[in-house]
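Enquirer: Model the structure of this input:
(chains A and B)
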Amino acid sequence: MPLITRLFLKSGLIFFICSLIIALLLQIDSVSIPSLFPLFWHTLMLGWITQIIMGVSMWMFPGRIKEESFGNQKWAWLAFIFLNIGLWLRVFAEPLIYLSELRIWKVLLVISAVVQLIAVLCYVIEIWSRVKGKKKRIKKKAGSK
Amino acid sequence: MPGVSVWMIRLSLVYLLMGITIGALLLINKAVLISPELMLWLPVHIELLIFGWIIQFTLGTVYWILPRYLISKDRGSSVLALLMPIFLNIGIWMVLVSNAGEQMNFIALYGRIAELVAVLFFIILHWNRVGALRRAA
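Expert: Prediction:
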């Protein structure tokens, strides 16, 4: 299993735990942190499920370059870095835009949104060319020889 | 990778991009108010990402990756395999369109029926492909 896949999976597991902790907090009446509900859904669906899908597809889909390096897997690495920065920024900034008067939290939330969008774009660039039929792959291989 | 899977996975990637773009706008809207009406796009964001991205990607990958039949070496009825993504995507678009206004709400029902039919086709196609080699032999 390539390193990038392992990182996606382990980060996904951490977000899975986070989402369940947030779900737990949602059940405690005395806890009144704003935005916990959207945070629960996004740590679960984006942090856990989408990261697992991304990590496993980068490993299992055909056309993977087995020699691991940042150069060979740059879009995958950028997707991982941007997605995780974006998600963690959101986890902290979203409740704080309601709890604090500081403008920085709003700026960080905007950055979080943009960075997550870029992450998905990087993932699509990485995986799009690897989603193809066997015939096309053989044709491409023969053409490159 | 069979053509059906290629189409389903590529479509799911397009839905992912659409869904995350709307999601990014919704998130930015919380920090800097662009328009209060942006919140009306929340159901579209959810439909695109749950049915368009996660479910479609999973169904497409499973169709490719589960073991094929031992004797015929195929993945079952090619007609059902073709109808599965057609029904799923018609369903997704009907649900998306139903968000355009209250008078369009009834379309969502037909959309959900189309999605249900797609999932039924998926189950029919895969039920017998889920098995151990020992049992099949």
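Enquirer: CA only for contacts and neighbour counts going forward, please
Expert: Noted.
Enquirer: Assign a three-state SS to B:M1, would you?
Expert: Here B:M1 is recorded as coil under DSSP: H, G, I helix; E, B strand; the rest coil.
Enquirer: and chain A, which residues reach chain B?
Expert: A:50, A:97, A:106-107, A:109-110, A:113-114, A:116-117, A:120-121, A:124, A:128, A:131-134 (CA under 8 Å from any CA of the partner chain).
Enquirer: For the residue nearest the centre of chain B, report the pLDDT, please.
Expert: The centroid of chain B falls nearest to B:Q56 when counting by CA atoms, centre = their mean (3.2 Å). B:Q56 is assigned a predicted lDDT (pLDDT) of 97.
Enquirer: Please give the element, helix or strand, for it.
Expert: helix B:56-65 (DSSP states H and E).
Enquirer: same thing with A:P95?
Expert: helix A:74-99.
Enquirer: ok, which stretches of chain A are helices?
Expert: Here chain A has its helices, by DSSP state H, at A:3-27, A:36-42, A:51-60, A:74-99, A:104-128, A:134-144.
Enquirer: Sorry, wrong one. I was asking about chain B.
Expert: For chain B, applying DSSP H gives helices covering B:3-31, B:42-47, B:56-65, B:78-97, B:106-126, B:133-136.
Enquirer: ok, of the helices of chain A, where does mean pLDDT dip lowest?
Expert: helix A:134-144 (a mean of 70).
Enquirer: quick revisit: and the helix holding A:P95 with helix A:104-128, angle?
Expert: 160 degrees (axes from the mean of the first three to the mean of the last three CA atoms, to 10 degrees).
Enquirer: re earlier: among the helices of chain A, which comes closest to B:A100?
Expert: helix A:36-42 (23.2 Å; CA to CA).
Enquirer: Give me the helices and strands touching that closest one, please.
Expert: Counting contacts by 3 or more CA pairs under 8 Å, 6 or more residues apart in numbering or on different chains; DSSP states H and E, helix A:36-42 packs against helix A:3-27, helix A:74-99.
Enquirer: other SSEs contacting the first one?
Expert: Read it as helix A:3-27. If you count contacts as 3+ CA pairs under 8 Å, 6+ apart, helix A:3-27 packs onto helix A:36-42, helix A:51-60, helix A:74-99.
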